[in-house]
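S.K.: attaching a predicted model along with its sequence, questions to come.
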Amino acid sequence: MIKHFILLVMLFVSTVAASRDLSHYVAGRLQQANQLAQDDNLKKAIDILRKTEASFDYDKAFIARMLGVFYWQNGQTQQAIEQLKYAVSSEQLKDDQAWVSERMLADLYLNERAFKQALKHYYKLIKVVPLAQLKPDVWLRVAQSHYQLEQWEDVIVTIDRYLDTDIKDRRQALTIKLGAQLALKRSHDAIDTLALLIEIEPDKLQWWRQLSVLQMQLGQQRQALSTLSLAKLNGLPLSESDRHLLAQMYARQGIPERAAIEISQLEGAQTSSQLLAEQASYWQTAKQWDLAISVWNKAAQQDPKYNWNLAKLLVQQGLYDESIPILDRVKGREMDVALVKCLAFYKLNQLDNALLEAKQADQIEPSNQAKRWITFLSELIASSRKTTAV
């Protein structure tokens, strides 16, 4: 903004001598004020212009025009606005004199966050300036004003006009467009814009993260996984939550091995019972039984509630001897534990212990399953004893 104003100031003061419509007296006073301004004596330059008496409307407009410039240079923004308003509304200025004044007034309003007033003057400028002479950044400033007023449709229309011009830096414009698209919940359009932003700034994690979130919202789970995994592959510094999310994405896409590996690389993955349990469940889903048992064991050491998961997997894998002491550590699942121990003892051919567990399970909470075990084991034990007796 400041660089742009400096260019406008140079253009303003350069037209003083060029204007043939100024009275001789006023032209002389303007030249004097201009020289003082160039010598960094703005206060004196302003005083000279304020004391300059003019009879003609054009002289008055031109004095106001230059006063606006000097006030702005001196940090007196409101006074600059008032003078430029007078110069513009006088309709005495023509062609580039009028255009530049209108532009500077609009920019001052924008700088002061008076967005409605800024838009009024930007659109007036757009109407009178030939398109070939209209600076592309006018469209950008119009879009910025609409953005601040949350006029999202207008943001997109005007930012597209800016993007259609021959500009090198598209990042700021695309960022503004993205904000408007998100506000309007146009997720598909926002995805296209994010793809362009990633091309421009591939090292900016924010764009990758936002893209993956939108893809997930639209049910594009595989694309979301590709986005986040590619960001990691490109060396972007994913946060712990990003990598946790990446693991969950792998799991949802039926790649539990990758999910387990991602979890295992998180900070605290070997000491947090929750993270250990997640790893173990992913290894179990992947049918990596040894790894699952090992990690469930670590999780149980951190939190005894995971002894139940470990014990069930040991029984499932036929490791009955190992399961018994683990089952003894399980708390709060007496009936379930008794039934699993019944199965384990049966598989170990310890029928009396199996029957004892079945009866205990039925005593804790009567169930058909426990009763079937009792009947089955009682008959099996009786038959075994008869065979032995014979």
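M.R.: Now that the structure is in, tell me what you want to look at.

S.K.: skipping adjacent residues, who's closest to residue 308 in space?
M.R.: In this structure, residue 308 finds its nearest non-sequential neighbour in residue 330, 4.9 Å apart by C-beta to C-beta, 6 or more residues apart in numbering. Just so you know, the C-beta spots here come from the backbone N, C-alpha and C atoms, and that holds for glycine as well.

S.K.: test my guess that the one you found contacts residue 309.
M.R.: No: checked against C-beta atoms under 8 Å, the pair residue 330 and residue 309 is beyond contact range at 9.7 Å.

S.K.: could you pull up the residues touching residue 285?
M.R.: Residue 285 sits next to 251, 256 when contact means C-beta atoms under 8 Å, 6 or more residues apart in numbering.

S.K.: quick one: pLDDT of it?
M.R.: With respect to pLDDT, residue 285 scores 97.

S.K.: going forward, count from 44.
M.R.: Sure, I'll start counting at 44 from here, so that last one is residue 328.

S.K.: could you check how far it is from residue 335?
M.R.: Residue 328 sits at a distance of 9 Å from residue 335 (criterion: C-beta to C-beta, to the nearest Å).

S.K.: can you classify the residue nearest to residue 351 by secondary structure?
M.R.: Three-state assignment for residue 373 (DSSP: H, G, I helix; E, B strand; the rest coil): coil.

S.K.: just for this structure, where's the confidence low?
M.R.: Residues of the chain that meet the criterion pLDDT under 70 lie in 44-63, 431-433.

S.K.: try it again with 80
M.R.: 44-64, 175, 427-433 (pLDDT under 80).

S.K.: returning to what we had before: phi first, then psi, for the residue nearest to residue 351.
M.R.: When quoted as degrees, to the nearest 10, the phi and psi of residue 373 stand at phi -70, psi 130.

S.K.: how many neighbours does it have?
M.R.: Using other C-beta atoms under 10 Å, residue 373 has 22 other residues around it.

S.K.: need the contact list for it.
M.R.: Residue 373 touches 347, 350-351, 354, 380, counting by C-beta under 8 Å, 6+ apart.

S.K.: out of those, who has the most neighbours?
M.R.: Ranked by neighbour count (other C-beta under 10 Å), the contacts of residue 373 have residue 354 at the top, with 28 neighbours.

S.K.: for that one, helix, strand, or coil?
M.R.: Strictly by three-state DSSP, residue 354 counts as helix.

S.K.: which residues does it contact?
M.R.: Residue 354 sits next to 366, 369-370, 373, 380, 383 when contact means C-beta under 8 Å, 6+ apart.

S.K.: SS state for the closest residue to it other than its chain neighbours?
M.R.: Once flanking residues are discounted, residue 354 sits nearest to residue 369: 4.3 Å by C-beta to C-beta, 6+ apart. Under the three-state scheme (three-state DSSP), residue 369 adopts helix.

S.K.: regarding this protein, what is its longest helix?
M.R.: Longest helix in the chain, counting residues (DSSP state H): helix 411-432.

S.K.: that helix packs against which elements?
M.R.: Where contact means 3 or more C-beta pairs under 8 Å, 6 or more residues apart in numbering; DSSP states H and E, helix 411-432 is packed against helix 377-390, helix 394-407.

S.K.: okay, now the residue nearest to residue 354: neighbour count?
M.R.: Residue 369 has 23 neighbours, counted by other C-beta under 10 Å.

S.K.: and the gap between it and residue 408?
M.R.: 22 Å.

S.K.: run through the residues that contact the residue nearest to residue 64 when sequence neighbours are not counted.
M.R.: Closest residue to residue 64 apart from its sequence neighbours, by C-beta to C-beta, 6+ apart: residue 101 at 5.3 Å. By C-beta under 8 Å, 6+ apart, the contact list for residue 101 reads 64-65, 135.

S.K.: which of those count as buried?
M.R.: Taking 16 or more other C-beta atoms under 10 Å as the criterion, what is buried in the contacts of residue 101 is 65, 135.

S.K.: and the contacts of residue 101 as CSV, adding secondary structure and distance to residue 232?
M.R.: Formatted as CSV, those follow (DSSP: H, G, I helix; E, B strand; the rest coil; distance: C-beta to C-beta, whole Å):
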residue, secondary structure, distance to residue 232
64, coil, 50
65, coil, 52
135, coil, 45
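
S.K.: gap between the nearest residue to residue 357 once chain neighbours are set aside and residue 234?
M.R.: Nearest non-adjacent residue to residue 357, counting by C-beta to C-beta, 6+ apart: residue 366, 3.9 Å away. Counting by C-beta to C-beta, the gap from residue 366 to residue 234 is 50 Å.

S.K.: one more: residue 137?
M.R.: Residue 137 is 48 Å from residue 234, where distance means C-beta to C-beta.

S.K.: now swap in residue 359 and tell me
M.R.: Residue 359 is 43 Å from residue 234, by C-beta to C-beta.

S.K.: which one of those two has more residues nearby?
M.R.: Neighbours per residue, other C-beta under 10 Å: of residue 359 and residue 234, the larger number sits with residue 234, 20 against 13.

S.K.: isn't that one up against residue 253?
M.R.: No: judged on C-beta under 8 Å, residue 234 makes no contact with residue 253 at a distance of 9.4 Å.

S.K.: and residue 145, how many neighbours?
M.R.: Applying other C-beta under 10 Å, we find 22 residues neighbouring residue 145.

S.K.: just how off-centre is the strand or helix carrying residue 113 within its chain?
M.R.: Using DSSP states H and E, residue 113 falls within helix 100-116. On the basis of C-alpha atoms, centre = their mean, to the nearest Å, helix 100-116 sits 46 Å off its chain's mean C-alpha point.

S.K.: from residue 181, how far off is residue 174?
M.R.: 11 Å.

S.K.: neighbour-wise, which of these two wins?
M.R.: Using other C-beta under 10 Å as the criterion, residue 174 and residue 181 rank with residue 181 on top: 21 against 8.

S.K.: what does the more buried one show for phi and psi?
M.R.: phi -60, psi -40.

S.K.: having no further points to raise, I will conclude here.
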